[in-house]
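**Student:** Prediction below, plus the sequence it came from.
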Amino acid sequence: MCASADETTTFVFDSRVAVGAVDFQPGGRLADWALGQEGLRLHVSPKGDYLPGERVKVTVRFADGAAPASASFWLVGHASRGTRRVEVFRQPRPPDVLKKERDEA
């Protein structure tokens with residue numbers, strides 16, 4: 001999703017995110033980020049020099065132990081079209097169902 005410098009993108013999850021389970025690659029390209037107290041919101045603000053086309057991978061791990069255990073997103077720099085709110089709906093499923101879907105794909 002698009003992210004603009006100095007504008008916050010908020011991720012809203014329907015499952016709790018584990019404390020300390022948010023990873024950014026490459027690190028250091030975000031001015032600020034915070035996980036909400038209930039582990040359902042993640043606020044991300046790119047630095048002012050975040051360039052159009054620049055990419056940062058955001059990975060979150062969920063707290064409930066169900067599969068899928070994590071989700072990854074790409075923040076792509078855009079001069080003016082930053083995404084303000086991303087709602088993430090997770091449908092936990094047994095691992096064997098996920099493996100079958102992966103194999104079929």
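**Tutor:** Cool, the structure landed.
**Student:** After the worst-scoring helix or strand of the chain on mean pLDDT, heading C-terminal, what element do we hit next?
**Tutor:** Least confident helix or strand, the chain: strand 30-35 with a mean of 79, by mean pLDDT, DSSP states H and E. Using DSSP states H and E, the helix or strand that follows strand 30-35 towards the C-terminus is strand 41-46.
**Student:** Just list what that next one packs against, helices and strands only.
**Tutor:** strand 9-13, strand 30-35, strand 55-62, strand 70-77 (3 or more Cβ pairs under 8 Å, 6 or more residues apart in numbering; DSSP states H and E). The way it works is simple: take the backbone N, C-alpha and C, and place the C-beta from them, glycine included.
**Student:** Can you tell me what sits against the first one?
**Tutor:** Under the criterion Cβ atoms under 8 Å, 6 or more residues apart in numbering, residues 1, 3, 39-45, 58, 60, 62, 73, 75, 82-88, 90 lie in contact with strand 9-13.
**Student:** Make a PyMOL selection of the buried ones in the residues you listed.
**Tutor:** Those of the contacts of strand 9-13 that count as buried under 16 or more other Cβ atoms under 10 Å are selected in PyMOL with:
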select buried, resi 3+39+42+44+45+58+60+62+73+75+82+83+86+88
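**Student:** Give me the distance from stretch 97-105 to the chain's centre.
**Tutor:** The chain centroid and the centroid of stretch 97-105 are separated by 23 Å under Cα atoms, centre = their mean, to the nearest Å.
**Student:** Not counting its own residues, what contacts that stretch?
**Tutor:** Outside of stretch 97-105, the residues within contact range by Cβ under 8 Å, 6+ apart are 67, 68.
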